[in-house]
Each structure stands twice: as structure tokens, then as C-alpha cells.
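Peer 1: return atomic coordinates for the entry below.
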Amino acid sequence: MRNRISSFLLIAFFALSAIAHFLKWDSILQFVISAISVIFVAGFLGKATESVAHYAGQRLGGFLNATFGNAAELIIAIFLVKEGLFDMVKASLTGSIIGNLLLVLGLSIFAGGLKYKTQNYNVSLAGLNGSLMIVAIIALFVPAVFLNTHSITQRDTNTLSLIVAGLLILAYIAWLIFSMVTHKSYLADVTDDQDEELPHEHAPAWSKKKSILYLVIATVMVAFVSEWLVGTLEVFTSEFGLSELFVGAFLVAIIGNAAEHSAAIMLAMKNKIGAAVEIAVGSSLQIALFVAPVLIFVSYFTGRTMDIVFTTIELVAIGVSVFIAKSITQDGSTNWYEGLLLLVVYVILGVSFFLV
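Peer 2: The predicted model follows:
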């Protein structure tokens with residue numbers, strides 16, 4: 001019964017969002033309907049990905065969830081790049097990174113910690129994730145410092161941005177080979193051996209073929225709804241007097257990350273904290289090491305290159321998020337209080353961004 005209601009709401013809001021877009025309804029109403037539709041579609045995407053993850057295993061499943069969960073973020077950002085809204089793109093990337101590291105990871109650890117006193121996962125994976133997050137910070141910090149100190153011109157900054165973007169993509173591909181192929185067993189989750197004990201608790205929602213089919217359908221639906229949502233952002237921002245920084249960093253990021261929110265929390269409450277961390281931290285790494293660099297190349301091919309220089313506020317927000325997330329996850333053990341600390345930092349940043 002619950003699944004039928006969810007399916008009905010998904011189809012209803014998707015159809016309503018399409019009608020609102022093509023019939024040119026009021027922009028604010030379009031935004032609200034499209035935002036709700038994105039949340040339902042992202043939930044459908046998360047469920048389909050979780051079902052696929054059952055057949056692929058925890059690590060690969062977490063990677064797939066992070067990847068398809070970021071589909072909404074990437075598609076929204078591509079449309080924003082085409083519109084030339086680079087500041088909002090960078091803000092949304094910032095919001096996605098801090099949202100995953102603080103909100104998604106915080107809620108997952110908190111919810112899982114309320115049910116289980118402590119939850120453990122692979123310490124080696126935690127350490128490598130932390131190192132990758134620091135590499136991402138370095139890649140964002142260096143171009144900003146060089147440009148803001150006038151050591152290089154804007155043209156050179158664009159060149160540097162393209163080079164850094166290319167290196168980050170190579171580093172991310174190398175990480176996938178390392179973690180999924182050459183050192184797969186080394187980074188295996190500590191709870192993998194529990195899967196066989198309670199198979200009925202982790203039964204997939206659909207068959208393997210149906211799961212893959214629904215995953216493709218959900219991704220296509222996300223693409224359409226994302227385009228409709230982006231078309232209303234400018235009007236919504238000016239109507240309520242909000243800054244592009246706040247809208248991009250929190251509103252767009254929260255909506256775009258709805259899939260990760262639901263999937264990671266559900267997995268943590270099933271004592272699958274390793275998969276939950278993989279979704280939250282893995283998604284942030286994917287945004288910083290792959291999505292952001294890809295968007296720079298997309299902007300280059302549209303004729304106007306978006307540089308990789310983030311504002312001081314954005315760099316501080318990302319740096320603070322990486323610092324606290326690395327501090328909490330590096331020991332491979334979590335509890336509800338650590339999740340609460342992540343959420344406190346997220347609220348502090350949210351209020352600060354709102355007041356900018």
C-alpha cells in the first residue's frame with residue numbers, strides 16, 4: 001500500500017511539473033512543484049540504486065548510489081553552466097560537498113547511532129577517504145590563492161583550472177581502479193560478513209533486470225525535472241531576495257541530494273554504516289574530483305570557461321567540513337553524538353550563508 005502511494009505521488013508530481021513547465025504557470029509555483037518532484041524522483045532513484053546495490057555488493061553499491069545520486073546535481077549544474085550562472089554552479093557544488101559531509105553523513109551516523117551503540121567500518125578506507133578530501137581542498141585552494149594575490153592573470157587561471165580539472169579526473173579514475181580492482185579486498189567493509197546472516201532484511205525491492213531498468217528511467221526523469229527546476233531559479237532568487245550563494249549552496253544542494261539522504265540513512269539504520277559512509281563521503285569526493293572538473297570542461301566547450309576559483313566563504317565552508325568529517329570518520333567507528341556534531345556544524349554554516 002505504501003509503495004503504491006509513493007508511486008502515485010511520484011507520477012503525479014512529475015506530470016504536474018511537466019504541465020506547469022509547458023503551460024508556463026507562475027514561476028514560484030513551478031519552482032515549488034519541480035522541487036517536490038525532484039525529491040520524489042530522487043527517492044525513486046535512491047530505491048532503484050539500493051536494489052541494484054544488493055546485487056553488486058556494499059562498496060560497488062555505495063559507489064553506484066553516490067554516482068546516480070549525483071546525477072541530479074550534475075544535470076542541474078550543466079544547465080546552470082549553459083545559462084552562464086557560474087557563481088550558482090560553484091555554490092551548488094560547495095553545498096553538495098558540505099551537504100554530504102555534514103548533513104547526509106551526520107544524519108546517517110546519528111540515526112544509526114540511536115539504534116546501535118557503536119558502528120564500525122574499514123579504517124583503511126576511512127584514512128584514504130580523508131587523504132582524498134585533503135587533495136580536493138588543495139586543488140581548490142591553490143588556484144584561488146594564486147588568482148587573488150594577482151600572481152597570474154584570468155587567462156592563466158582558466159588554463160590552470162583546465163589542467164587541475166584534468167589531473168583531478170585522472171586521480172579519481174585511479175582511485176576507482178585502486179578501490180574497486182587492485183585493493184578491493186583491502187578496503188572491504190567490516191560488516192560484509194553479516195549479509196549472509198540476515199538475508200531477509202536486505203531483500204531487494206525488484207529483480208536485477210527491473211532494478212537496472214528503473215535506474216535508467218529514474219535518471220531520465222531526474223534530467224527532465226532538473227531542467228524545469230533550473231528555469232525557475234532566477235525568478236525565485238530575486239522574488240525572495242535570496243543570494244545565489246545560499247540558493248546554490250543549500251536549496252539546490254539539498255534538493256539535488258535527496259537520493260543520498262534517504263538511502264544513506266536507511267542503510268545506517270540497517271547497521272550498514274560502511275555503505276552509508278561510502279555514499280556520503282564518496283559522493284563528496286565524486287563532486288570534488290569528478291563532477292566539478294567535468295563542468296569546467298563542459299563550460300570550456302560552450303565557449304566560456306568556468307574557472308576553478310571558489311570564493312573565500314566557499315573555501316572556508318568546504319575546509320571546515322572536510323576537517324570535522326575527517327576527524328570523526330578516521331577511527332572507523334561512529335556513534336550518535338558524532339553525527340550530532342556534524343549536524344551542528346552544518347546548521348552554523350547554513351545560518352552564515354543565509355545572512356550573506
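Peer 1: mind checking the longest helix of the chain?
Peer 2: helix 208-239 (DSSP state H).
Peer 1: now find how far off-centre that one is within its chain.
Peer 2: With CA atoms, centre = their mean, to the nearest Å as the basis, helix 208-239 stands 14 Å off its chain's centre.
Peer 1: give the buried residues for that helix.
Peer 2: 211, 214-215, 218-219, 221-233, 236-237 (16 or more other CB atoms under 10 Å). (C-beta placed from N, C-alpha, C; glycine too.)
Peer 1: the residue nearest to Trp228 when sequence neighbours are not counted is in what secondary structure piece?
Peer 2: Leaving aside its sequence neighbours, Trp228 sits nearest to His21 (CB to CB, 6 or more residues apart in numbering; 4.3 Å). Applying DSSP states H and E as the criterion places His21 in helix 2-22.
Peer 1: who are the packing partners of that helix?
Peer 2: Packed against helix 2-22 by the contact rule (3 or more CB pairs under 8 Å, 6 or more residues apart in numbering; DSSP states H and E) you find helix 27-56, helix 208-239.
Peer 1: which one of those lies closest to Tyr346?
Peer 2: helix 27-56 (18.5 Å; CB to CB).
Peer 1: in that closest one, which of the residues would be classed as buried?
Peer 2: 27, 30-31, 33-54, 56.
Peer 1: repeat for stretch 84-91
Peer 2: Leu85, Phe86, Asp87, Met88, Val89, Lys90, Ala91.
Peer 1: the closest residue to the fifth one other than its chain neighbours: neighbour count?
Peer 2: Nearest non-adjacent residue to Val89, counting by CB to CB, 6+ apart: Leu80, 4.7 Å away. Counted with other CB atoms under 10 Å, residues neighbouring Leu80 total 25.
Peer 1: tell me, what's the model's pLDDT at Leu80?
Peer 2: With respect to pLDDT, Leu80 has a value of 81.
Peer 1: show me which residues of the host helix or strand of it are buried.
Peer 2: Using DSSP H and E, Leu80 sits within helix 71-82. By neighbour count on 16+ other CB under 10 Å, the buried set for helix 71-82 is Ala71, Ala72, Glu73, Leu74, Ile75, Ile76, Ala77, Ile78, Phe79, Leu80, Val81.
Peer 1: chain center to it: distance?
Peer 2: The answer for helix 71-82 is 12 Å, by CA atoms, centre = their mean.
Peer 1: repeat for stretch 44-60
Peer 2: Distance, centroid of stretch 44-60 to centroid of chain: 16 Å (CA atoms, centre = their mean).
Peer 1: elements contacting the host helix or strand of Tyr172?
Peer 2: Assigned by DSSP H and E, Tyr172 falls within helix 154-177. Judged by 3+ CB pairs under 8 Å, 6+ apart, the packing partners of helix 154-177 are helix 123-148, helix 273-286, helix 292-301.
Peer 1: where does the stretch 51-200 of the chain have low pLDDT?
Peer 2: Applying pLDDT under 70 to the stretch 51-200 of the chain picks out residues 53, 56-59, 61-62, 65, 69, 72, 189-200.
Peer 1: 90 instead?
Peer 2: 51-101, 103-104, 115, 117-133, 136-137, 139-161, 175-176, 178-200 (pLDDT under 90).
Peer 1: need the contact list for the closest residue in space to Lys117 that isn't next to it in sequence.
Peer 2: With CB to CB, 6+ apart as the criterion, Lys117 has its nearest non-adjacent residue at 6.8 Å, and that residue is Asn335. Each residue near Asn335 by CB atoms under 8 Å, 6 or more residues apart in numbering is listed here: Ile109, Gly113, Lys117, Thr118, Gln119.
Peer 1: who wins for neighbours among those?
Peer 2: Ranked by neighbours (other CB under 10 Å), those are led by Ile109, which has 30 neighbours.
Peer 1: report all helices and strands that the host helix or strand of that one contacts.
Peer 2: Ile109 belongs to helix 105-115 when assigned by DSSP H and E. Where contact means 3+ CB pairs under 8 Å, 6+ apart, helix 105-115 is packed against strand 119-120, helix 258-269, helix 273-286, helix 312-329, strand 333-334, helix 336-355.
Peer 1: the first one pairs with which strands, parallel or anti?
Peer 2: I take that to be strand 119-120. strand 333-334 (antiparallel) (DSSP bridges).
Peer 1: what about the strand it pairs with, distance to the chain center?
Peer 2: 22 Å.
Peer 1: try stretch 176-187
Peer 2: That offset, for stretch 176-187, works out to 22 Å (CA atoms, centre = their mean).
Peer 1: who touches it?
Peer 2: Arg59, Leu60, Phe63, Asn122, Ser124, Leu125, Leu128.
Peer 1: ok, and the closest non-adjacent residue to the second one?
Peer 2: Nearest-residue entry for Leu60: Met180, 6.7 Å, with adjacent residues in sequence omitted and distances by CB to CB, 6+ apart.
Peer 1: now that neighbour: how far from Leu74?
Peer 2: Plainly put, Met180 is 20 Å away from Leu74 if you go by CB to CB, to the nearest Å.
Peer 1: got it, and Val356?
Peer 2: Using CB to CB, Val356 is found at 25 Å from Leu74.
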